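*Asks:* Sharing a model prediction with you, sequence too.
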Amino acid sequence: MSTEILLVEKKERVATLVINRPEKRNSLSPDLLIQMHQTLEDFVQEDLVRAVVIRGAGDKAFSSGYDIGAIPTEVSPRTREQLREQNPLELALNSVINFPYPVISLLNGYAFGAGCELAVCCDLRIGADDIRMGMPPAKLGLIYQLSGLTRFIQVIGISNTRELFFTGRYYPAGRSKEMGLVHYLLPRQELESFVYEMAEEIAGNAPLSVKGTKRILNLLSQSFKLSDEDRREANKLTAQAFNSEDLKEAQKAFLQKRKPEFKGR
C-alpha cells in the first residue's frame, strides 16, 4: 500500500486524485489539502487535463471530514487571522471550484463534514447507492464558515441547507440525492465505469466551450453577496463558537467516544 496521502493518476486527459488515508477514514489533513491545491495548480499550468475525478481510497469513505485532531482551540487573535487567510481547506476547495475544467466527485463511501463540502465543491457528484452524507458542526459546537454555508446554499438551496446544518444528521443515499447533494446513485459494481465514461465524454468535448461555460457559471454563482457589516457579524459568530467551551467539550467527547454535554458557552 502506498504511503502517499494523495495519489495522482492520469489516463489521457482525465486525472484522478485519490485521498489516500484509509486508516483515518480519508480525513482531510492540512498537508493533504495543500497537496491537492498544488496538484490542481500544476494541472492548470500544464493545461492538459480536461476532467478531474476525486475519490477516497478503499470502499468505506470518500472522506470523513477535516482531521478533528488538527483543529486548534486555543490560539491568539493573530494566529486565528492567519488561519482564516491561509486556511488549507479553503485553499483546496477554491482550487476545486476554480479549476478551469469540470471536477467530479466519485463518492465510493460516506462524505461527512469537510468531506461533504469537498464533494459539493465539485461540479458533478456521483455516488454508490449505499453512501451517507452529512454536516455535523451542530454536534461539535462549531458554526460553519460563511464561505462554506454559501456553497451549500448555492448547490442545495437554503431550505435544505437549514435542515442539513440544524440537524447534523448523516443522511442515507436516497435522501442525499433528494436534497441535491448527489446527482446520480449507482450500484457499486457500476459506479466507476459510469463516472469514467462521463469524465471521458467531458474531456472529449470542445475545451473552450467547457472551460468557458464553467467560468460563466462560477461568475453567476457569485451573485450571492453580503454587506461588509453582515460579513463581519458572521465572522464574529464563527469566532465565538471556535473559542467556546462547547467546542472543547465536543473534542473531548469525540476522543472519549461519548456524547458531548453542551452548556451553550
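*Replies:* Good, I have the coordinates. Numbers count the residues shown, from 1 in each chain.
*Asks:* Quick one: residues in contact with stretch 23-34.
*Replies:* 5-6, 19-21, 56-58, 60-68, 70, 88-89, 91-92, 109, 114-115, 118 (Cβ atoms under 8 Å, 6 or more residues apart in numbering). In this view, the C-beta of every residue, glycine as well, is placed from N, C-alpha and C.
*Asks:* Give me the buried subset of these.
*Replies:* 5-6, 19-21, 56-58, 61-68, 88-89, 91-92, 109, 114-115, 118 (16 or more other Cβ atoms under 10 Å).
*Asks:* Just to be sure, which of those are found in strands?
*Replies:* Using DSSP state E, 6, 19, 56, 61-63 are the members of the buried ones among the contacts of stretch 23-34 that sit in strands.
*Asks:* what's the most distant pair in the residues you listed?
*Replies:* 6 and 61 (14.9 Å; Cβ to Cβ).
*Asks:* what residues are up against residue 58?
*Replies:* So residue 58 contacts 22, 26, 108-109 (Cβ under 8 Å, 6+ apart).
*Asks:* now these in CSV, with pLDDT?
*Replies:* Output for the contacts of residue 58, formatted as CSV (pLDDT from 0 to 100):
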residue, pLDDT
22, 95
26, 97
108, 96
109, 96
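*Asks:* who wins for neighbours among these?
*Replies:* residue 26 (27 neighbours; other Cβ atoms under 10 Å).
*Asks:* SS state for it?
*Replies:* Recorded secondary structure, residue 26: coil (DSSP: H, G, I helix; E, B strand; the rest coil).
*Asks:* got any ranges where the protein has weak pLDDT?
*Replies:* 1-2, 68-86, 224, 226 (pLDDT under 70).
*Asks:* swap the cut-off to 50 and go again
*Replies:* The model of the chain has pLDDT under 50 over residues 79, 82.
*Asks:* And the helices in it?
*Replies:* In the chain, helices defined by DSSP state H lie at 30-46, 77-85, 88-98, 114-121, 137-140, 146-167, 173-179, 188-203, 207-221, 228-242, 245-256, listed in chain order.
*Asks:* Buried residues, the first one. List them.
*Replies:* Same thing as helix 30-46. 30, 32-37, 39-40, 43.
*Asks:* tell me which of the contacts of residue 58 is nearest to residue 247?
*Replies:* Among the contacts of residue 58, and counting by Cβ to Cβ, the member closest to residue 247 is residue 26, at 23.1 Å.
*Asks:* who does the closest residue to that closest one other than its chain neighbours bridge with?
*Replies:* The shortest distance from residue 26 to any non-neighbouring residue, by Cβ to Cβ, 6 or more residues apart in numbering, is to residue 56 (4.0 Å). Counting by DSSP bridges, residue 56 is bridged to residue 19.
*Asks:* And for residue 15?
*Replies:* residue 10, residue 52.
*Asks:* if I pick it, what's in contact with it?
*Replies:* 8-9, 43, 49, 51-53.
*Asks:* Of all pairs in those residues, which one is the farthest apart?
*Replies:* Going by Cβ to Cβ, the pair spanning the contacts of residue 15 furthest: 8 and 51, at 14.1 Å.
*Asks:* returning to what we had before: list only buried entries from the contacts of residue 15.
*Replies:* Counted by 16+ other Cβ under 10 Å, these give 43, 49, 51-53 as buried.
*Asks:* Perfect, that will be all.
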